[in-house]
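Novice: Return atomic coordinates for the entry below.
(one chain, ligands or ions: 2)
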Amino acid sequence: MCLFCEIVAGNIPSTKVYEDDMILAFKDINPVAPVHIVVVPKLHIENVNGITEENSKYVSHIFEKIPEIAKSQGIDSYRVINNCGEDAGQSVMHLHFHIVGGTKLGEKII
Ligand code: 5GP
Ligand code: ZN
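Specialist: Ligands and ions are numbered 1, 2, ... in the order given. Next comes the predicted model:
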């Protein structure tokens, strides 16, 4: 099992901030801002390249819940970041979206 599948299964502890039958959101272990949440589908999808017609409902559900998750952390302005693949710096090969905020965010790439 991959690291985030282990977290979903409860074999590795995490600080959960939201959970339902399809997705889990937890605090990043190495936060880059006062609010740094990782949102993952409970289904293992490697990254954006692994999204299909069959599993994209997990992705849409993540985005339906992101505003609620952010609000629960006291923010309504934030970045949603995804790293897809090695060159983009993806370090855990289980699809995830970072919610980063809680401060004036610094330099933008785009
Ligand atoms: P990536 O670099 O793949 O976009 O993001 C992976 C994220 O997972 C990193 O921000 C890293 O800090 C976080 N992370 C890695 N291992 C753990 C862990 O065991 N627990 C938690 N909560 N976050 C982790
Ligand atoms: Zn996984």
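
Novice: Run me through the strand neighbours of the helix or strand residue 39 falls within, direction for each.
Specialist: Here residue 39, judged by DSSP states H and E, is contained in strand 35-41. The pairing partners recorded for strand 35-41 under DSSP bridges are strand 23-27 (antiparallel), strand 97-101 (antiparallel).

Novice: Across the sheet, point out what pairs with the residue nearest the centre of the chain.
Specialist: In the chain, the residue lying closest to the centroid (C-alpha atoms, centre = their mean) is residue 39, at 2.5 Å. Beta-bridge partners of residue 39, counted by DSSP bridges, are residue 25, residue 97.

Novice: Which residues are in contact with it?
Specialist: 18, 23-25, 62, 65-66, 69, 96-99 (C-beta atoms under 8 Å, 6 or more residues apart in numbering). Any C-beta I mention is one placed from the backbone N, CA and C, and that applies to glycine too.

Novice: Report how many residues lie close to the closest residue in space to residue 32 that isn't next to it in sequence.
Specialist: Distances taken as C-beta to C-beta, 6 or more residues apart in numbering place residue 100 nearest to residue 32, at 6.2 Å, with adjacent residues excluded. By other C-beta atoms under 10 Å, the residues close to residue 100 number 22.

Novice: just checking, what packs against the longest helix anywhere in the chain?
Specialist: Across the chain, the helix with the greatest residue count (assigned by DSSP state H) is helix 56-72. Contacting helix 56-72 under the criterion 3 or more C-beta pairs under 8 Å, 6 or more residues apart in numbering; DSSP states H and E are the following elements: strand 16-19, strand 23-27, strand 35-41, strand 97-101.
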